[in-house]
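*Asks:* My questions are about this predicted structure, shown below with the sequence.
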Amino acid sequence: MANLVAMLRLPGNLKSTQWQILAGPVIILLILSMMVLPLPAFILDLLFTFNIALSIMVLLVAMFTQRTLEFAAFPTILLFTTLLRLALNIASTRIILLEGHTGAGAAGKVVEAFGHFLVGGNFAIGIVVFIILVIINFMVITKGAGRIAEVGARFVLDGMPGKQMAIDADLNAGLIGEEEAKKRRTEVTQEADFYGSMDGASKFVRGDAVAGLLIMAINIIGGLLVGVVQHGMPVGHAAESYTLLTIGDGLVAQIPALVISTAAGVIVTRVATDQDVGEQMVGQLFNNPRVMVLSAAVLGLLGMVPGMPNFVFLLFTAALLGLAWWMRGREQQAPAAPAPVVQQDNPQAVEATWSDVQLEDSLGMEVGYRLIPMVDMQQDGELLGRIRSIRKKFAQDLGFLPPVVHIRDNMDLPPARYRILMKGVEIGSGEAYPGRWLAINPGTAAGSLPGEPTVDPAFGLAAIWIESALKEQAQIQGFTVVEASTVVATHLNHLIAQYSAELFGRQEAQQLLERVSKELPKLTEDLVPGVVTLTTLHKVLQNLLAEKVPIRDMRTILETLAEHAPVQNDPHELTSVVRVALGRAITQQWFPGNDEVQVIGLDTALERLLLQALQG
């Protein structure tokens, strides 16, 4: 019920009340009371109307959801609605057998309307309509939805390892935070639970359809016995009265059941996009004028066949042609992209200045023209946002902010190629294909995929560039599937970590010292430049980064330098004492969760001999 309230956008004060907590227990008590207590006809009318309204609400919520997990409570709602219909069948059966001899209105106005007006008061027609509804519900919709839920649950479970690995890869690359990773892992688990629940919940509806047939037969036979034996009614009159009441009772229960089954089919067959089902259907059915023209041609030919209702066929032919003409006109009226303004070069020669001297960027990237949309924010390029996340994650992990990545296009590169530069020198390159996905084999993937074989540029693993339609299949087979912008971002993150010592220059050392001085002003004032020069501090920090030691704990580093720098000014010796001071952090980094570390040591004499050989 809470999901229904949220999806229907009810006012905030209504959603915040405590009645949602009691919704489940109240419904259970209501169902039990309907099974045990005799209900008057007026109450039955209210409950039947509520059942119809509830089924319509569930269908509309299913139509307007954009993602399956937005209606994760659907299996539970399916159970409650099934129990509600069965309880209504029990209550209506009781009142039909008790009061059926009094006339057509014995079970209420709703049952009377469904038994008389909808089937014309003919119980034979009513039985046929009822059986057709049960067959549609049982053999078509419910069976199909159950099969889709079963296959979906299997695919989701098979694809869980690949999805989890993709989440871990994004987290390790700094593309997402810890909270976002937890959220995605929870969604993966909830999706598997949902399809597993739907696989079982579909059995409720199938059982309800079978129960409806049995209840109808029992009501007719029981009504004949009660009417003829207890009330002395003629057999024909008893058969007509009780059969019409039974048919009305069955129809008023099976029509909401059919609506709920349709909602189940909508939920399990939808594809997760930013559009609801209605927008998807209209947008994809009516987006091609040629389809409308061909459909109109077929209808026009059928309309010319003798004996056919020519007016109806030709009417729809004209409607489809008009729709095609309107769609083609809308496409032609789409605003064209403005032509780029070409600026003419100034014919007058300009004197060269020092501003013409271009300094090399500390970190840069060049992309081919096909990769330009990935770095263009106006075209929803995601790479710039991922690079910002990488720099932030790197600063949190290693302790300094890497240089800004300057991105430019290079028409000399192949269209799908990119280069990563450090101080103007290439340190890595690769290829990326926007719109495709890179399926990386972590060593445990089964089978092969159609696509372009390649190698993961960051870690050198075997990979394949695949189309979007093969993404789910690749995850099921155990591949780690990432999009093109993630491939480039992960490669960049790997190279920044690999060359972190070279990226940490004097400018970064000065900025880091200024940042620390805001937290530890007294320590930095006494240490730099009085005891340790900025050059020595920079060299010590650079040595630590070269050994993959984070420099986040600047307090320990500066205090250790303040203690040993007055008697030792060699950067390498100072690095050694700082390394010892950071021993706990280093061992936790390389041996997490281990209380003991297994090491091999050299004999003192052998160690001295090796040192003399290195120094000599």
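*Replies:* The structure has been received and is ready for your questions.
*Asks:* quick one: the helices in the stretch 351-500 of the chain?
*Replies:* 372-375, 383-398, 471-476, 484-498, 500-503 (DSSP state H, counting those that start in this stretch).
*Asks:* what about E240, neighbour count?
*Replies:* 17 (other C-beta atoms under 10 Å). The C-beta positions use only the backbone N, C-alpha and C, and glycine is treated the same way.
*Asks:* how does the protein divide into domains?
*Replies:* Using automatic domain parsing, the domain parsing of the chain gives 2-10+25-159+175-282, 286-328, 361-500, 504-592.
*Asks:* May I see those organised as TSV, with mean pLDDT and distance to I600 added?
*Replies:* Listed next are these as TSV, based on pLDDT from 0 to 100; distance: least, C-beta to C-beta, whole Å:
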stretch	mean pLDDT	distance to I600
domain 2-10+25-159+175-282	77	36
domain 286-328	84	69
domain 361-500	87	27
domain 504-592	87	15
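*Asks:* Tell me which of those domains lies nearest to D603.
*Replies:* domain 504-592 (20.1 Å; C-beta to C-beta).
*Asks:* Might you report the residue contacts of F123?
*Replies:* 239-240, 243-244, 247 (C-beta atoms under 8 Å, 6 or more residues apart in numbering).
*Asks:* Go again with 7 Å.
*Replies:* By C-beta atoms under 7 Å, 6 or more residues apart in numbering, F123 lies in contact with 240, 243-244, 247.
*Asks:* most surrounded residue in the residues you listed?
*Replies:* Ranked by neighbours (other C-beta under 10 Å), the contacts of F123 are led by I247, which has 28 neighbours.
*Asks:* That residue is in contact with G115, isn't it?
*Replies:* Yes - if you go by C-beta atoms under 7 Å, I247 and G115 touch, sitting 5.2 Å apart.
*Asks:* Could you name every residue contacting both of those two?
*Replies:* With C-beta under 7 Å, 6+ apart as the test, I247 and G115 both reach G126.
*Asks:* Out of the helices of the stretch 351-500 of the chain, which one sits most buried?
*Replies:* The highest average neighbour count among the helices of the stretch 351-500 of the chain, using mean count of other C-beta atoms under 10 Å, belongs to helix 484-498 at a mean of 22.
*Asks:* how far away is L413 from V291?
*Replies:* Going from L413 to V291 by C-beta to C-beta, to the nearest Å gives 40 Å.
*Asks:* So the two - more neighbours on which side?
*Replies:* Just comparing L413 and V291: by other C-beta under 10 Å the higher neighbour count belongs to L413, 18 against 14.
*Asks:* between the helices of the stretch 351-500 of the chain, which one is nearest to Q511?
*Replies:* helix 383-398 (11.2 Å).
*Asks:* list the helices and strands the closest one packs on?
*Replies:* helix 372-375, helix 484-498 (3 or more C-beta pairs under 7 Å, 6 or more residues apart in numbering; DSSP states H and E).
*Asks:* Residues contacting it, please?
*Replies:* 173-175, 374-375, 377, 401-402, 405, 485-486, 488-489, 492-493, 496, 500, 545, 550-551.
*Asks:* again, but for stretch 70-84
*Replies:* 3, 7, 27, 31, 51, 54-55, 58, 61-62, 65, 190, 194, 197-198, 201, 204-205, 208, 260, 264, 267.
*Asks:* With stretch 96-111 instead?
*Replies:* 41-42, 44-45, 48-49, 92, 95, 112, 115-116, 219, 222-223, 226-227, 231, 233, 241-242, 244-246, 248-249, 252.
*Asks:* Report the buried residues of stretch 563-572.
*Replies:* For stretch 563-572, the neighbour count (16 or more other C-beta atoms under 10 Å) marks 564-565, 571 as buried.
*Asks:* Of those residues, which is the nearest to Y369?
*Replies:* P571 (45.7 Å).
*Asks:* so that closest one sits right up against L541, yeah?
*Replies:* No - judged on C-beta under 7 Å, P571 makes no contact with L541 at a distance of 9.6 Å.
*Asks:* Not counting its neighbours along the chain, what's nearest F64?
*Replies:* D276 (4.9 Å; C-beta to C-beta, 6 or more residues apart in numbering).
*Asks:* surely that neighbour meets A62?
*Replies:* No - contact criterion C-beta under 7 Å: D276 and A62 do not qualify, at 9.4 Å.
*Asks:* So for the two, which residue has more residues nearby?
*Replies:* A62 (25 against 17).
*Asks:* residues contacting the more buried one?
*Replies:* A62 touches 71, 263, 266-267, counting by C-beta under 7 Å, 6+ apart.
*Asks:* So which of those residues wins on neighbours?
*Replies:* Busiest of the contacts of A62 [other C-beta under 10 Å] is I267, holding 28 neighbours.
*Asks:* who touches that residue in this structure?
*Replies:* Taking C-beta under 7 Å, 6+ apart as the test, what I267 contacts is 62, 68, 71, 74.
*Asks:* What sits closest to the third one if chain neighbours are left out?
*Replies:* Spelled out, that is F71. Nearest to F71 is T65, by C-beta to C-beta, 6+ apart, at 4.8 Å.
*Asks:* Can you report phi and psi for that neighbour?
*Replies:* phi -70, psi 140 (degrees, to the nearest 10).
*Asks:* And for P529?
*Replies:* Here P529 shows phi and psi, under degrees, to the nearest 10, equal to phi -100, psi 10.
*Asks:* What distance do you get for it to R386?
*Replies:* Counting by C-beta to C-beta - P529 and R386 are separated by 39 Å.
*Asks:* Next: A395.
*Replies:* From A395 to R386 the distance is 15 Å (C-beta to C-beta).
*Asks:* same deal with D276?
*Replies:* For D276, the distance to R386 - C-beta to C-beta - is 29 Å.
*Asks:* swap in E351?
*Replies:* 42 Å.
*Asks:* Repeat that for A211.
*Replies:* Distance from A211 to R386, by C-beta to C-beta: 54 Å.
*Asks:* can you check M281 too?
*Replies:* M281 is 34 Å from R386, by C-beta to C-beta.
*Asks:* give me the number of residues near L46?
*Replies:* 13.
*Asks:* where's it, which helix or strand?
*Replies:* L46 is part of helix 41-64 when elements are defined by DSSP states H and E.
*Asks:* Going toward the C-terminus from that helix, what's the next helix or strand?
*Replies:* According to DSSP H and E, the helix or strand after helix 41-64 is helix 74-99.
*Asks:* any idea of the angle that next one forms with helix 41-64?
*Replies:* 160 degrees (axes from the mean of the first three to the mean of the last three C-alpha atoms, to 10 degrees).
*Asks:* Tell me the buried residues in helix 74-99?
*Replies:* Those would be 74-75, 77-78, 80-89, 91-97, 99, for helix 74-99 by 16+ other C-beta under 10 Å.
*Asks:* my read: V487 touches L438, true?
*Replies:* Yes - counting by C-beta under 7 Å, V487 does reach L438; the two are 5.0 Å apart.
*Asks:* Would you map the strands across the chain?
*Replies:* 363-367, 405-409, 417-422, 425-431, 437-440, 452-455, 462-466, 480-483 (DSSP state E).
*Asks:* Just tell me which of these ends up closest to Q588.
*Replies:* strand 480-483 (27.2 Å).
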